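Below are the sequence and a predicted model; questions follow.
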Amino acid sequence: MSTVRVVLAGAHGFGRNYLPPLRELAAEGRAELVGVCDLKPVDAGWFAGLGRPDQSADLSGLIRRHAADLAVVATPLHTHVPLAAGAMAAGAHVQLEKPPAPSMAGYLRLLADAEHWGRAVQVGFQSLGSTAPGQIRELIGRGAVGRLRCVSAAAAWSRDTSYYERAPWAGRRRLSDGTDVVDGALTNPLAHAVATVMAVAGGSVETVEVELYRAFDIEADDTSCVRVVTRGGLAEGVPLVIAATLAAPEQTPPVITVTGDEGRLRYWYTEDRIRLERADHTVTEIVGRRTVLLRHLVEQLQDGGQDRAPRPLVPLSSVRSFMEVLEAVRNAPEPVRLPAQDLPGRAGSRRRVLPWITDIISTAAERGALFSELPDFAAAAGRQP
């Protein structure tokens, strides 16, 4: 294959982040942006260095009209399945933003469609494009931290009301017609924390315990905790805990911790930085190398020719355990309201802040516990804001 013909769906949303790597690939002669699918016309100024791509609200039509090789789907969560399925049927491979689907049924449909049409589908978990998760697995396998006791993620982010006002589907569990959205903390903004823990642990999901809470006036969760047990991987039978919030007083980089009886590994996945701390007090710092997922898939398509199927770094089939967690969140009871501080945000928006939540998240991750198992959480959750 010569130049890879690309159609981008969702330019006004997260899809705008794909324009810089597309610009680089176009300058190298590797890719051409032939079409942009969006419900609103996109200003031509956005496409500097990318020519004049055809614009339409019909993704499948764009793909067929331009014989596109690759569709980048970066649209609202509840549209991922129909758009990705339509793109495959129209003849394109797919770079699909996370989460790939808002339900396990939708995920299984995409897997079936990918097999039926012979298409590659890569999921946009950028943290899994790093060498770091593989390096951590290697260290665990070598016994660097001894016998595993827990794998956890602690994620304390801060958002304001404008985050949930940006789109009608934001902060929703489902639309009024029953369509699943599942725009919760662990399934969208902090989905990387879940996906990376599951990738490090490996194996298949046995059980998922879910606790959902909310500080904002939304339908979905903004503060949540899950505990997963897997079978057959490096962390078989070991608690995998992901604790997260979007209502922290201050935002801090998310960290994944692998705890063993002879040390621990800490991994700041947004920075590709690993720190191995041994029981003998020795410390080793490691930095992973990150590959831009879109670039890798384009290179696979361009260099593979007609005789070799592209091999994504994060194939759709590799994120099943993440989808098991998402499905458990989707089916969990409605989030419980937490008393929060109401503080000024940016440009007239408001923040909802849980002053005590960062410590709770750290403790849950350290102990492999759910929020409800921590006395401090029960005491704080019952306070008046």
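Looks like it arrived, so ask away. The structure presented is a predicted model; accordingly, all values stated were derived computationally and were not measured.

helices and strands around the strand ranked longest in the chain, which ones?
The strand of greatest length in the chain, counted in residues with DSSP state E as the criterion, is given as strand 204-214. Judged by 3 or more Cβ pairs under 8 Å, 6 or more residues apart in numbering; DSSP states H and E, the packing partners of strand 204-214 are strand 223-231, helix 320-331, strand 336-337. C-betas here are computed from N, CA, C, even on glycine.

So which residues make contact with the longest one?
The reference is to helix 320-331. Counting by Cβ atoms under 8 Å, 6 or more residues apart in numbering, helix 320-331 makes contact with 99-104, 107, 125, 173, 180, 182, 184, 186-187, 191, 194-195, 198, 201, 203-205, 208, 210, 212, 221, 224, 226, 228, 230, 242, all of which sit outside it.

Next, the angle strand 204-214 makes with that helix.
40 degrees (axes from the mean of the first three to the mean of the last three Cα atoms, to 10 degrees).

How far does helix 320-331 sit from its chain's centre?
Counting by Cα atoms, centre = their mean, to the nearest Å, helix 320-331 is centred 12 Å from the centre of its parent chain.

what do you get for stretch 44-59?
A distance of 26 Å separates the C-alpha centroid of stretch 44-59 from that of its chain, computed with Cα atoms, centre = their mean.

Next: stretch 96-103.
On the basis of Cα atoms, centre = their mean, stretch 96-103 sits 8 Å off its chain's mean C-alpha point.

now what about that stretch, what contacts it?
When contacts are defined by Cβ under 8 Å, 6+ apart, stretch 96-103 is touched by residues 10, 14-15, 73-75, 77-78, 80-81, 84, 106-107, 109-110, 121-125, 179-182, 187-188, 191-192, 195, 316, 319, 322-323, 326-327, 330.

for the record, mean pLDDT for it?
Mean pLDDT, computed over stretch 96-103, is 98.

how about it as PDB, C-alpha atoms only?
The C-alpha atoms that make up stretch 96-103 are tabulated as PDB, following Å, rounded to 0.1, in the frame of the first residue of the first chain:
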ATOM      1  CA  LEU A  96     -11.300   3.500  17.700                       C
ATOM      2  CA  GLU A  97     -11.200   5.800  20.700                       C
ATOM      3  CA  LYS A  98     -11.700   4.400  24.200                       C
ATOM      4  CA  PRO A  99     -14.000   2.900  25.500                       C
ATOM      5  CA  PRO A 100     -14.500   0.800  22.300                       C
ATOM      6  CA  ALA A 101     -18.200   0.200  23.300                       C
ATOM      7  CA  PRO A 102     -20.600   1.200  26.100                       C
ATOM      8  CA  SER A 103     -21.600  -2.500  26.700                       C
END
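
Begin at 44 from now on, thanks
Got it, first residue is 44 now, which makes that one stretch 139-146.

residue ranges for the helices of the stretch 244-393 of the chain, please.
With DSSP state H, counting those that start in this stretch, the ranges of helices along the stretch 244-393 of the chain come out as 336-347, 363-374.

what's the closest of those helices to residue 355?
Across these, residue 355 has its closest neighbour in helix 336-347 (5.6 Å, Cβ to Cβ).

Which elements pack onto that closest one?
Helices and strands touching helix 336-347, by 3+ Cβ pairs under 8 Å, 6+ apart, are strand 47-52, helix 62-70, strand 113-116, strand 136-139, strand 164-166.

Locate the residue of this protein with the greatest distance from its centre.
residue 323 (35.2 Å; Cα atoms, centre = their mean).

Can you tell me how far that residue is from residue 420?
Applying Cβ to Cβ, to the nearest Å, the value for residue 323 to residue 420 is 34 Å.

now swap in residue 339 and tell me
41 Å.

With residue 291 instead?
14 Å.

isn't residue 131 right up against residue 157?
Yes: Residue 131 is in contact with residue 157 according to Cβ atoms under 8 Å; the separation is 6.3 Å.

between those two, who's got more neighbours?
Set side by side, residue 131 and residue 157 show more neighbours around residue 131, with 24 against 20, by other Cβ atoms under 10 Å.

Specify the local secondary structure of that one.
Classification of residue 131 by DSSP: H, G, I helix; E, B strand; the rest coil places it in helix.

List every C-alpha atom in stretch 370-381, with coordinates, as PDB.
As requested, C-alpha coordinates have been extracted for stretch 370-381 and formatted as PDB (Å, rounded to 0.1, in the frame of the first residue of the first chain):
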ATOM      1  CA  GLU A 370     -20.000  -4.100  31.900                       C
ATOM      2  CA  ALA A 371     -20.000  -4.400  35.700                       C
ATOM      3  CA  VAL A 372     -20.100  -0.600  36.000                       C
ATOM      4  CA  ARG A 373     -22.900  -0.500  33.500                       C
ATOM      5  CA  ASN A 374     -25.000  -2.900  35.500                       C
ATOM      6  CA  ALA A 375     -24.200  -1.500  38.900                       C
ATOM      7  CA  PRO A 376     -26.700   0.300  41.100                       C
ATOM      8  CA  GLU A 377     -27.100   4.100  40.600                       C
ATOM      9  CA  PRO A 378     -24.200   6.100  42.100                       C
ATOM     10  CA  VAL A 379     -24.600   7.300  45.700                       C
ATOM     11  CA  ARG A 380     -24.500  11.100  46.200                       C
ATOM     12  CA  LEU A 381     -21.600  12.400  48.300                       C
END
